[in-house]
Structure formats: C-alpha cells, structure tokens
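S.K.: Here's a sequence, model it:
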Amino acid sequence: MATVMIHATVTLDGYLADPDGGVDWMFDFPSAPEDGDVVARVCERIGAIVGGANRSRTIEEGEIPYGGMLEVPVFLMTHQATDPIERDGVTYTFVVDDIAAAVATAKEAAGDGWVSLLGGSISRQCLRLGLVDEIHLDVVPVLLGDGISLFAGLGIRVDLERLETSAFASETHLRFRVLER
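M.R.: Model (predicted):
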C-alpha cells in the first residue's frame, strides 16, 4: 500500500516560497552530492503526486512538479472540471473539490510507492483529514521573514516520530512519521 507524504523544501522559518510565490532562494546555497542523494532516494520511491492546479488549469513551465524529472501520474485539485492533460509522458488529472478522492486515486496509481503532496494548502488539508503518513522536509539555511508557509493555519496538533535526520553541506533533511490522533 502506498505511503502518503508531504515532501517539501523549506526555509528555516518554514516558508515554501516568498510572498509572490518565488523559489529562487531554493537554488542559492551550497549543497553537497549527499544532499542530492537524499532527494534522489525520495524521488525514486514517488509513484504519484497530488498538488493544486493553477488558475488556468494548464501545465506551464516552472509549474511542473519536481521540474519534470518524475514521470508519474499527477493529480491536481481544482474547483472546475477539466479534461486530463498529457505532457512529456506525464498525465495530469484534475480532481474537483475532493482531496480525499484525489489521494485515494493517487495511492492506487502509486502502488507500493509514495504519494507526494505538494503545496501548503494541500498538505494542511490532508493533515487535517488524517491522510498523511510521513513528512519529509529539506530545510535550507535561509530566513525569508515572510512568504507562503507550509504549516501556518493548520489549526490542529500533529504528533510526529522522527525516522531519519541527515545534514551535509547546508541542507538538513528530516523525515517524520505522523502518529495516530
């Protein structure tokens, strides 16, 4: 059975992006080959992705999950029905307003792999619904001071068990199991 996980690169103050949605800070720090190895091991296990659709429900450059390096089914949450889009061998399926159904469908598609949840809103909704098994964070040493938060507004307590921790050039990699409520 698939493992549902939040996988995010965040700043030390917990932001996914700057206030305008920019992630340039993500590429402006030193890293070691070991940092890349940690992320590659995670990516190898991802069998499906759940994220949020953009306003035009299209797949634009810069919006492709994992920069297009994963060829796995992608399920995008939306409020309006849209036909699936195929791009570079990846099928993007739009799911209207039912995140639990999107996660269930992604779990089927992932088989024994991992379902990666992308974005703060998607992650918080799934945590509130008890759909998340693990949280994987790649923390970079920068403080943005403001931006788009991964967990702000969650509104519930979530207890975690640390499974793995590693740190190399400048990233710290954290992996937690979400404990039952």
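S.K.: When you work out contacts or count neighbours from here on, use the C-alpha atoms and nothing else.
M.R.: Fine.
S.K.: ok now the helix or strand bottoming out on mean pLDDT in the chain, how far from the chain's centre?
M.R.: The least trusted helix or strand in the chain, going by mean pLDDT, DSSP states H and E, turns out to be strand 85-87, with a mean of 84. Relative to its chain's centre, strand 85-87 lies at 20 Å (C-alpha atoms, centre = their mean, to the nearest Å).
S.K.: So in that sheet, which strands flank that strand, and in what orientation?
M.R.: Sheet pairing for strand 85-87, assigned by DSSP bridges, gives strand 90-96 (antiparallel).
S.K.: residues of the partner strand that come out buried?
M.R.: 92-95 (16 or more other C-alpha atoms under 10 Å).
S.K.: what does whichever helix or strand comes after it rub up against?
M.R.: Next along the chain after strand 90-96, taking DSSP states H and E as the criterion, comes helix 99-110. The contact list for helix 99-110, computed with C-alpha atoms under 8 Å, 6 or more residues apart in numbering, reads 1-4, 46-50, 73-77, 95, 114-115, 122, 125-126, 129, 131.
S.K.: Repeat that for stretch 164-176.
M.R.: Stretch 164-176 is contacted by residues 29-32, 34-35, 38, 134-141, 160-163 when judged by C-alpha under 8 Å, 6+ apart.
S.K.: Just the ones in helices from those residues, please.
M.R.: Of the positions in these, 34-35, 38 sit in helices, assigned by DSSP state H.
S.K.: Whichever of those residues end up buried, select them in ChimeraX.
M.R.: The buried residues among the ones in helices among the contacts of stretch 164-176 can be selected in ChimeraX (16+ other C-alpha under 10 Å) with this line:
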select :35
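S.K.: quick one: which of the ones in helices among the contacts of stretch 164-176 is nearest Glu86?
M.R.: Lowest distance from Glu86 to the ones in helices among the contacts of stretch 164-176 (C-alpha to C-alpha) belongs to Val38, with 28.9 Å.
S.K.: Give the burial count for Gly153, as a bare number.
M.R.: Residues contacting Gly153 under the criterion other C-alpha atoms under 10 Å number 10.
S.K.: do you know how far it is from Met1?
M.R.: Distance from Gly153 to Met1, counting by C-alpha to C-alpha, to the nearest Å: 30 Å.
S.K.: Need phi/psi at the one residue sitting closest to the centre of the chain.
M.R.: Nearest to the geometric centre of the chain sits Leu118, at 2.7 Å (C-alpha atoms, centre = their mean). Per-residue torsions, Leu118: phi -120, psi 130 (degrees, to the nearest 10).
S.K.: Helix, strand, or coil at the closest residue to it other than its chain neighbours?
M.R.: Beyond its immediate neighbours in the sequence, the residue positioned closest to Leu118 (C-alpha to C-alpha, 6 or more residues apart in numbering) is Gly51, lying 4.8 Å away. Taken by DSSP: H, G, I helix; E, B strand; the rest coil, the conformation at Gly51 corresponds to strand.
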